[in-house]
Each structure stands twice: as C-alpha cells, then as structure tokens.
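1. Return a 3D structure for these sequence lines:
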Amino acid sequence: MYVQFAAHSAAVYCDPPPHPRVEADNGGYHDWTSESDLPPYPTLVEYRCHAGRSLVDADGFYHERQTIQCQWDKTWTEVVILPCAWTHCIDPPERDNMEHDYVGEPYDFHSAATYRCRQGFYFEHDRGQQTFAAECLTDGSFAEPDPWPVCVTDVQCAADPPGAPAGGRRRWSGSRDYDTSLTYDCGPHARFYPDLLDSVGTRCQWNKTWDREDLPFCKSQLMSLLLLLLIVLHSPSLRRSYPLPDHPGASRRVRTRLHEEGGGKLRDSDRSTQKQNFKQAYQLHMYVY
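-> Below is the predicted model:
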C-alpha cells in the first residue's frame with residue numbers, strides 16, 4: 001500500500017518509483033498513482049500481481065507483495081523489482097453459444113475449465129455429450145482444441161435419403177432436419193427381400209447421415225405365385241395333394257377322392273414323389289422371394 005508521510009521543513013523527495021515488471025504481460029502493478037508529484041521521504045510503495053500470478057524472486061520463491069521506501073538520501077530501498085509469474089489460470093476463452101464454470105476463482109495448474117452448451121444448444125459432433133474440459137497449463141493459458149467444439153440447436157443430414165425403390169414409393173416430407181423419418185414400400189405386389197417386409201424406414205441422425213443408406217431390393221410376390229402355380233399344374237402328385245380350392249369344401253372332396261382311388265391310403269412311391277415335388281416347389285418359392 002502506498003503511504004506518504006508528512007514532509008519535513010527541509011523536504012526530501014525521491015524520483016518516481018520504478019515501474020512494475022511487465023515482461024510477457026505478467027500483470028504486475030504498484031500503488032503509486034501520482035504522475036506529477038514526487039514521492040517525499042519516507043513514502044512506501046507496494047508492488048503486487050493481478051489474479052493468477054505472484055511475485056517470484058531469483059531463487060524461485062513466490063511473494064504476495066514487495067514494498068520499497070523513499071530514503072533520506074533520495075533513493076529507494078530496493079531497485080530490483082520482482083517480476084510476476086503465473087501460478088494459476090484465469091479467464092477461460094469465451095465461445096459462442098457456450099458457457100464455462102469460471103466465476104473468479106483461479107484454476108490450479110492441470111485442473112480444467114468445464115464448458116457446456118447453453119440451454120437449447122447441443123454439441124454438434126455429439127448430441128449426447130454434456131460437457132467439455134479445457135486444461136489449465138503451467139504458463140497460465142488453457143489447452144484450446146483445434147478446432148473448438150461447436151454448439152448448435154439443430155443439424156441437417158448432408159445429403160438426401162435414398163431414392164424410391166424400383167416399382168415402389170418413398171414417403172418423405174422433403175426435410176433433412178435431425179430426427180426426420182421416412183418410409184419406403186415396394187408397391188402392392190412386392191416385398192423387401194430377404195425378410196419379406198412390407199415397408200422399411202430411415203431416420204436422419206445427429207451425425208448428419210441417414211441410419212439406412214442402402215435399401216433392400218424388392219421382389220415381386222406376383223411372379224413368385226405364378227411360378228409356384230406352374231409347378232403345381234405340371235406336377236400331378238402336387239395337383240392331387242395341394243389343389244387350388246375354388247371354395248371351402250374343395251380340400252375335403254380331394255381327400256375323399258384320394259381315399260377312394262388309393263383304397264384308403266397312398267402308396268409309398270406316391271408319398272415319396274409328393275414330398276420331393278413339394279420340397280422343390282417350396283425351395284423355388286423361397287428363392288423367388
């Protein structure tokens with residue numbers, strides 16, 4: 001603290017006190033504020049450092065303050081003013097749409113300032129991320145990423161979703177905003193192969209891609225049924241065992257006719273042929289699908 005004593009009748013004055021050390025923006029200051037008056041004997045001038053820094057001597061010891069005094073011989077008691085050195089970090093960088101936890105309390109070295117997006121904003125690279133940390137370094141600065149994370153309210157998929165399948169439809173609003181969903185179908189006579197799905201969908205993700213970028217292909221059910229019908233029509237045993245009924249009573253009539261023609265049972269050779277034909281028909285049916 002600056003202290004100025006009452007001047008004697010024969011006043012003695014010192015030159016203005018030395019300026020604080022300002023190398024590398026070290027934040028030193030003193031409490032002598034007069035620009036025109038000379039400090040009289042025995043004025044005291046105190047040197048300090050701003051937040052996050054302390055005075056350091058040649059042996060590496062830190063000091064909160066340094067005081068010098070105007071002497072009767074018009075000199076100051078000390079002429080080597082100590083520099084300031086960083087002991088903590090202060091004032092984390094400000095970023096758009098982001099807030100940090102600094103409220104004036106300096107950060108210890110290797111601790112970190114915690115950032116989060118402002119309310120209604122999310123980290124663009126990861127919507128689920130809650131916070132981001134910037135480490136306090138020993139030179140008083142913060143480890144800043146390159147590039148910095150960005151906080152946004154929404155994202156859009158970088159490209160349009162896949163087009164409609166051949167012969168099918170795409171139901172889409174035209175929006176590429178995050179969480180937009182759309183559906184696809186193959187039309188009335190086909191399904192998505194191999195799971196025989198009536199429809200499939202896709203959704204715009206936070207990483208700006210669609211969660212389904214390749215559609216399964218469509219297979220016509222009509223063609224499958226036609227091929228199966230041709231197999232049945234050209235296989236007498238299948239035609240007898242698996243007729244195409246024209247009304248609910250058809251299958252009962254067929255079973256009665258087979259019972260009468262076969263004496264109550266089918267021969268083993270007929271059974272074997274029927275099983276083989278049906279197996280082939282089933283395999284072809286599944287292949288077509």
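2. Below-threshold pLDDT in the stretch 101-250 of the chain: ranges please.
-> Within the stretch 101-250 of the chain, the ranges that satisfy pLDDT under 70 run 223-250.
3. how about 50 then?
-> Filtered on pLDDT under 50, the stretch 101-250 of the chain yields the residue ranges 245, 247-250.
4. Which residue ranges of it form helices?
-> Using DSSP state H, counting those that start in this stretch, the helices of the stretch 101-250 of the chain run over 221-233, 236-241, 250-261.
5. residue closest to the middle of the chain?
-> Asp126 (0.7 Å; CA atoms, centre = their mean).
6. Now that residue. Nearest residue, chain neighbours left out?
-> Leaving aside its chain neighbours, Asp126 sits nearest to Trp206 (7.4 Å; criterion: CB to CB, 6 or more residues apart in numbering). All C-beta spots, glycine's among them, are computed from the backbone N, C-alpha and C.
7. Around that neighbour, count how many other residues there are.
-> Residues lying near Trp206 (other CB atoms under 10 Å) number 18.
8. isn't it right next to Tyr178, touching?
-> Yes - with contacts counted by CB atoms under 8 Å, Trp206 reaches Tyr178, the gap being 5.8 Å.
9. overlap in contacts of those two?
-> Arg127, Val155 (CB atoms under 8 Å, 6 or more residues apart in numbering).
10. Now do the same contact list for the residue lying closest to Ser181 once chain neighbours are set aside.
-> The shortest distance from Ser181 to any non-neighbouring residue, by CB to CB, 6+ apart, is to Arg203 (4.6 Å). Counting by CB under 8 Å, 6+ apart, Arg203 touches Asp179, Thr180, Ser181, Trp210, Asp211, Arg212.
11. Among those residues, the buried ones, what's the PyMOL command?
-> Applying 16 or more other CB atoms under 10 Å to these, the buried members can be selected in PyMOL as follows:
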select buried, resi 180+210
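12. Filter the contacts of Arg203 down to the ones in strands?
-> Ser181 (DSSP state E).
13. Rebuild the contacts of Arg203 as CSV, extending it with distance to Pro106.
-> As requested, those are arranged in CSV below (distance: CB to CB, whole Å):
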residue, distance to Pro106
Asp179, 42
Thr180, 46
Ser181, 49
Trp210, 47
Asp211, 46
Arg212, 51
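14. Max pairwise distance over the contacts of Arg203: which two?
-> Among those, the pair separated by the greatest distance (CB to CB) is Asp179 and Arg212, at 14.3 Å.
15. wait, what's in contact with Asp185?
-> Contacts of Asp185 (CB under 8 Å, 6+ apart): Gly168, Arg169, Arg171, Asp198, Ser199.
16. are any of the residues you listed buried, and which?
-> Gly168.
17. Include distance to His100 when you put the contacts of Asp185 into CSV, please.
-> Formatted as CSV, these follow (distance: CB to CB, whole Å):
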residue, distance to His100
Gly168, 51
Arg169, 50
Arg171, 44
Asp198, 51
Ser199, 47
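18. Looking at the contacts of Asp185, which one is closest to Ser34?
-> Distances from Ser34 to the contacts of Asp185, taken by CB to CB, are shortest for Arg171, at 80.2 Å.
19. what about that closest one, distance to Val200?
-> Distance from Arg171 to Val200, counting by CB to CB, to the nearest Å: 11 Å.
20. Let me see the backbone angles for the nearest residue to Trp86 once chain neighbours are set aside.
-> Nearest residue to Trp86, sequence neighbours excluded (CB to CB, 6+ apart): Gly140, at 3.2 Å. Main-chain dihedrals, Gly140, degrees, to the nearest 10: phi 90, psi 0.
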